[in-house]
Each structure stands twice: as C-alpha cells, then as structure tokens.
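Chemist: Need coordinates for the following:
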Amino acid sequence: MASNQEQASYRVGEAKGQTQEKTGQMMGAAKDKACEAKDRAAGLAGHASGQGQGATDAAKQKALETAQYTKESAVAGKDKTGGMLQQATETVKGAVVGAKDAVVITLGMGGDNTTNTGKDTSTITEKITGRDH
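Modeler: Below is the predicted model:
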C-alpha cells in the first residue's frame with residue numbers, strides 16, 4: 001500500500017500533467033487562431049489589391065493585433081494554471097506534514113518538546129525544501 005506521501009506526490013504529478021496538457025491545448029488553439037488571422041489577412045489583402053495599399057496594411061495590422069491578443073490570452077491561461085499548481089503543491093505538502101505529525105503523536109514518538117534531547121525535530125517539509133515553512 002502506498003504511503004500518504006507517495007499518494008500526495010502522485011496527485012501533484014497528475015495535476016502537473018493535466019496542467020501541461022491544458023497549456024498545450026491553449027497554445028495549440030492560439031496557434032490556430034493566429035493562422036486563421038493570417039489567412040484572413042491574406043484573403044483581405046488579395047481582395048483589397050484593387051483598392052490600394054491602405055486596405056492591405058489595415059488587414060495586416062488587424063491580423064497582427066488578433067495574433068497578439070491570442071498569444072496574450074494563452075500566456076495568461078498558462079500563468080493561471082501554474083499558480084493553481086503551486087497552490088496544490090503547498091496544500092499537499094501541508095497535508096503530508098499533518099499526516100506525519102499525527103503518526104508521530106499517535107505512536108508516542110513526539111516526545112516532550114520543552115527539552116532538547118538532540119533528536120531531529122525538523123518537519124518533512126523542511127527536509128524536502130531545505131527551508132523553514
């Protein structure tokens with residue numbers, strides 16, 4: 001049977017995979033929109049060739065604006081999913097620490113925290129991250 005820490009690590013990995021997949025889908029959609037805008041601009045440019053250079057330039061500018069908007073939307077989505085992944089990681093870390101502490105207390109291995117007996121009292125989070133949480 002997998003430990004709570006292994007299960008938590010698995011869930012974090014699974015969430016990361018899902019986030020990467022969603023980001024890939026968003027980037028693919030952004031690329032598709034940019035291609036559509038380019039094709040539309042090319043069509044407008046061909047149509048506008050009899051109407052002068054101004055119409056062609058306007059179509060190109062509109063295509064560039066559409067592509068930029070699509071790119072910014074994809075980046076914003078990626079940033080949002082990254083933030084959610086970080087929050088999920090912190091939640092899992094907290095749950096792992098809580099579970100470890102509960103086991104230590106249940107087994108009576110916690111000892112009296114008022115005296116220093118030379119035992120390692122750092123939490124699993126401190127050991128994993130190398131910093132005090």
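Chemist: rest of the way, CA atoms for contacts and neighbours
Modeler: OK.
Chemist: Could you give the number of residues near residue 14?
Modeler: Residue 14 has 12 neighbours, counted by other C-alpha atoms under 10 Å.
Chemist: which phi and psi does it have?
Modeler: Note on residue 14: its backbone torsions stand at phi -60, psi -40 [degrees, to the nearest 10].
Chemist: So in this structure, which helix runs the longest?
Modeler: Using DSSP state H to define each element, the chain has its longest helix at helix 53-106.
Chemist: If you count contacts, what does that helix end up packed against?
Modeler: helix 4-48, helix 124-129 (3 or more C-alpha pairs under 8 Å, 6 or more residues apart in numbering; DSSP states H and E).
Chemist: which stretches of the protein have low pLDDT?
Modeler: 1-2, 44-55, 110-133 (pLDDT under 70).
Chemist: show me what contacts the residue nearest the centre of it?
Modeler: By C-alpha atoms, centre = their mean, the chain has its centre lying nearest to residue 82, at 2.0 Å. Listed by C-alpha atoms under 8 Å, 6 or more residues apart in numbering, the contact set of residue 82 reads residue 19.
Chemist: redo that, cut-off 10 Å
Modeler: Shown in contact with residue 82 (C-alpha atoms under 10 Å, 6 or more residues apart in numbering): 16, 19, 20, 23, 76, 88.
Chemist: do residue 30 as well
Modeler: Residue 30 makes contacts with 24, 36, 66, 67, 68, 69, 70, 71, 72, 73, 74, 75, as judged by C-alpha under 10 Å, 6+ apart.
Chemist: and the second one, how many neighbours does it have?
Modeler: Read it as residue 36. Neighbour number of residue 36 under other C-alpha under 10 Å is 15.
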